[in-house]
Structure formats: C-alpha cells, structure tokens
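In: please find the sequence and the predicted model below.
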Amino acid sequence: MKDSYDAIAETYAAQFTTADDPIRLDYLKRLVSQLQLTGRDAGDILELGCGAGVPATKFLLQMDNPTVHVTGNDISTSQLDRARSNLAQYGKRLTLVEGDMLSLSFPNDSFDAVTGFYSIIHLPRDEQTELMHKIVQWLKPGGLFLANFSATEFSSQEAENWLGQDKGWMFWSGWGEEKSVKMVADVGLNVIVKELRQATGDAKFLWVLARKNNGQHPII
C-alpha cells in the first residue's frame, strides 16, 4: 500500500485533494461542535490517513475554538511530504508520523478526537476491529471518534491499476453498515451519528461519529 500511494500521489492529489469536500467538511464541523461542548480551550487530535493534509488536517488546524494540535499519520512518504508543504504555516501544532496505522502506539488517554477518512477501509476487516480497540484506548474520557466505513459488506476488494496507474495496486474491505456500527459500539463508544452518504462516483459510505464513555449527547 505504501508503494502504491507513493507512486500515485500526484494523480490522487489531482482527483481527491481539494479544499472543498462538502461531505468530509460537514462531518468535521459536527466534530468541532461536539468538541466545543466540552468547553476545552485546546485539544489533541489524531488523524489516521491524513494524506496531503487537505482539506481535513488544514480545517482542524485552522480552528481557534478549541485550538488543536494534530498528529497526522499516513503510510505514504510522498503524501506526508505534500502535507508538510501544504501545512508548513502551522509549525509546532502539527506532528506527522509515517507508518501503518495499525502499528501506531500511543499512551492511553492521549487524544480528544481520532479521525479516519477513507483510510480505515484499506485494512482487512479483522485489522479494522483490532484498530478500533486501540483507538478507544487512545481516546481521553469523553473523546470523539469520526470515520467512514464501507456501506456494503465484503471481505476484500483489490484493484491492480487504481486511478489508471501502473503501480496503483489497492485493497479495501468492509463490514457493512450494521456490523461497522456494532464494531464501533462494541469497543465502548457511544454512537451519536450514523449516516449513509454517497461520495464522488458510485461509492456510498457509512459515516460514524461516536464518543467514549456513557452519556446523552445531541445528534448534530
């Protein structure tokens, strides 16, 4: 996967890295609204699969209520190089970490929020479940999780030349809507938003916003 994203970084950026991504920005705004309910002035956010840092990472770094530090993770060196360039103005408020998201290690209660946009779906299904167990440990009490998953259930799907690129081998898997929501809830997260949305092209995704620990919180 790393070699593929390194090879197709330019093509991927041209097709998917835009300042305006209405669906992703919609859910990020909902995440921010929930963060604001906590009353915290600052926070730490982990983004799994940050890519080139646009639009999601940049949107988060532009926030001033609360002001956040973002740890952006990606498996691709080329994508992180782009993120480093795109987000240079944010300096010490951004930390970029290269590597497979499943290999990441952080102390418990490290983050106010963890996000994953079009990234967790690249893991085999059992590894998605394993990652969710890690995420709930990384989240602080009351911390938020926002990600999208495949709306349909399938064990694996591969493309040898994704985006028309010779080195564009790609892999996806999905639990489907019902089992993905159950996976999130089973690790101890309170699901407050679950919606199906159509992305660019024919793909439909399940979007989930959830909070660690119990309590009643408004759907936004």
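Out: Received it, and whenever you're ready, just let me know what you need. Residues are numbered from 1 along each chain as shown.
In: for the one residue sitting closest to the centre of the chain, name its beta-bridge partners.
Out: The residue lying closest to the centre of the chain (Cα atoms, centre = their mean) is Gly116, at 1.1 Å. For Gly116, the beta-bridge partners under DSSP bridges are Leu48, Ala147.
In: for burial, what's the neighbour tally of Leu139?
Out: Using other Cβ atoms under 10 Å, Leu139 has 27 neighbouring residues. For every residue, glycine as well, the C-beta is placed using N, CA and C.
In: my bad, Leu48
Out: Neighbours around Leu48, by other Cβ under 10 Å: 23.
In: give the contact list for it.
Out: With contact taken as Cβ atoms under 8 Å, 6 or more residues apart in numbering, Leu48 is in contact with Asn73, Met101, Leu104, Val114, Thr115, Gly116, Ser119, Ile120, Leu131, Ala147.
In: check which helices and strands the helix or strand bottoming out on mean pLDDT in the chain sits against.
Out: Lowest by mean pLDDT, DSSP states H and E among the helices and strands of the chain is helix 2-16, with a mean of 80. Secondary-structure packing of helix 2-16 (3 or more Cβ pairs under 8 Å, 6 or more residues apart in numbering; DSSP states H and E): helix 77-86.
In: could I get the buried residue list for the helix it packs on?
Out: By neighbour count on 16 or more other Cβ atoms under 10 Å, the buried set for helix 77-86 is Ser78, Gln79, Leu80, Arg82, Ala83, Asn86.
In: let me know the closest of the residues you listed to Asn161.
Out: Ser78 (17.8 Å; Cβ to Cβ).
In: picking that back up, identify the farthest-apart pair in the contacts of Leu48.
Out: Leu104 and Ala147 (14.7 Å).
In: more crowded one of these two?
Out: Ala147 (27 against 16).
In: so the more buried one makes contact with Leu123?
Out: No: the criterion here is Cβ atoms under 8 Å, and Ala147 misses it with Leu123 at 11.4 Å.
In: where do the contact lists of those two overlap?
Out: Between them, Ala147 and Leu123 share no contacting residue, judged by Cβ under 8 Å, 6+ apart.
In: how about the helices of this structure, start to end?
Out: Secondary structure of the chain (DSSP state H): helices at 2-16, 22-37, 56-61, 77-86, 125-138, 176-186.
In: where in this protein is pLDDT low?
Out: Where the chain drops to pLDDT under 70, the residues are 17-19, 200-202, 214-220.
In: mind redoing it with 80?
Out: Applying pLDDT under 80 to the chain flags the ranges 1, 6, 9, 12-20, 199-202, 214-220.
In: may I see the buried residues of stretch 127-147?
Out: 128-129, 131-132, 134-136, 138-140, 142-147.
In: which of those residues sits closest to Leu35?
Out: Ranked by distance to Leu35 (Cβ to Cβ), these are led by Leu144 at 6.7 Å.
In: against Val184, how distant is that closest one?
Out: Leu144 sits 12 Å away from Val184, going by Cβ to Cβ, to the nearest Å.
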